[in-house]
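Asker: below is the structure, and that's it, no one-letter string:
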């Protein structure tokens, strides 16, 4: 079973609207949780990185939250733009030399 | 530009062949990661090296091997290639396991 589950699998939103992506994980203990944006055919680009003691981190119109007690994170996109169309991936780093745990990603499509 | 370089950008080869993918990390980064991404699939972690030593292993097939050289560049060797090995192969680098990973542009491998 994957230790990082993302929902929804895909999402279509109108330009200018907000949306929230979810990430639930079972990795414990963990060092940090990251959100990446991946355009089709390109390498992922880091949006936010949070340690277990942080609750929120913003990067422009992207805001990530983390609840270490419930093992949930969310990524909120504000005032979406067409360029936000991409896959958003949640990644959890174990608190040791171990393999990173990747979510399957949420595919976001922003329409005019 | 992430600062991570990968060569070649594209590679077309036949089943049964062997190929080598090359990655140069960002200056100062000691950790190198390899990922495989098949069409419409999520990122699959293959292997991580830190300062020349293997640190974590993911879903890497026995036909695949990697190494990190003293100058910190890394190579991923894929042998006895099968059609299913066709994918994008990404390399990423970071200072260590707990810092942000920077992804290269990827090598697109097509096995015919």
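Answerer: That came through fine. Keep in mind the model is a prediction, meaning the values are calculated, not measured. Numbers count the residues shown, from 1 in each chain, chains lettered A, B, ... in the order given.
Asker: any idea what the closest residue to chain A within chain B is bridged to?
Answerer: Across chain B, the shortest distance to chain A (C-beta to the nearest C-beta) belongs to residue B:103, at 3.2 Å. To be clear about C-beta, it is placed using only N, CA and C from the backbone, and glycine gets the same treatment. Here residue B:103 sits in beta bridges with residue B:92, going by DSSP bridges.
Asker: how many residues are close by the residue of chain A found nearest chain B?
Answerer: Residue of chain A nearest chain B, by C-beta to the nearest C-beta: residue A:43 (3.2 Å). Residues near residue A:43, counting by other C-beta atoms under 10 Å in any protein chain shown, number 23.
Asker: pretty sure it is touching residue B:101, no?
Answerer: No: Residue A:43 lies out of contact with residue B:101 (C-beta atoms under 8 Å); the separation is 9.6 Å.
Asker: what sits in contact with each of those two?
Answerer: residue B:92 (C-beta atoms under 8 Å, 6 or more residues apart in numbering or on different chains).
Asker: ok, the nearest residue to residue A:41 once chain neighbours are set aside - contacts?
Answerer: Take residue A:41 and drop its neighbours on the chain: the residue closest to it by C-beta to C-beta, 6 or more residues apart in numbering or on different chains is residue B:88, 7.1 Å away. Contact partners of residue B:88, counting by C-beta under 8 Å, 6+ apart, are A:41, B:36-38, B:106-109.
Asker: try 7 Å this time
Answerer: Counting by C-beta atoms under 7 Å, 6 or more residues apart in numbering or on different chains, residue B:88 touches B:37, B:106, B:108.
Asker: now swap in residue A:90 and tell me
Answerer: Residue A:90 is in contact with A:4, A:6, A:23, A:33, A:35, A:73, A:103, counting by C-beta under 7 Å, 6+ apart.
Asker: just the pLDDT for residue 78.
Answerer: With no chain named, the answer covers chain A. In this model, residue A:78 is scored at 97, pLDDT.
Asker: try chain B instead
Answerer: 97.
Asker: count the residues that sit near the residue nearest to residue A:108 when sequence neighbours are not counted.
Answerer: Excluding its sequence neighbours, the residue lying closest to residue A:108 (C-beta to C-beta, 6+ apart) is residue A:11, at 5.0 Å. By the criterion of other C-beta under 10 Å, residue A:11 has 17 neighbours.
Asker: residue 64 pairs with what?
Answerer: Assuming you mean chain A. residue A:57, residue A:75.
Asker: that was the other one, I meant chain B.
Answerer: residue B:78.
Asker: with that, I have no additional questions.
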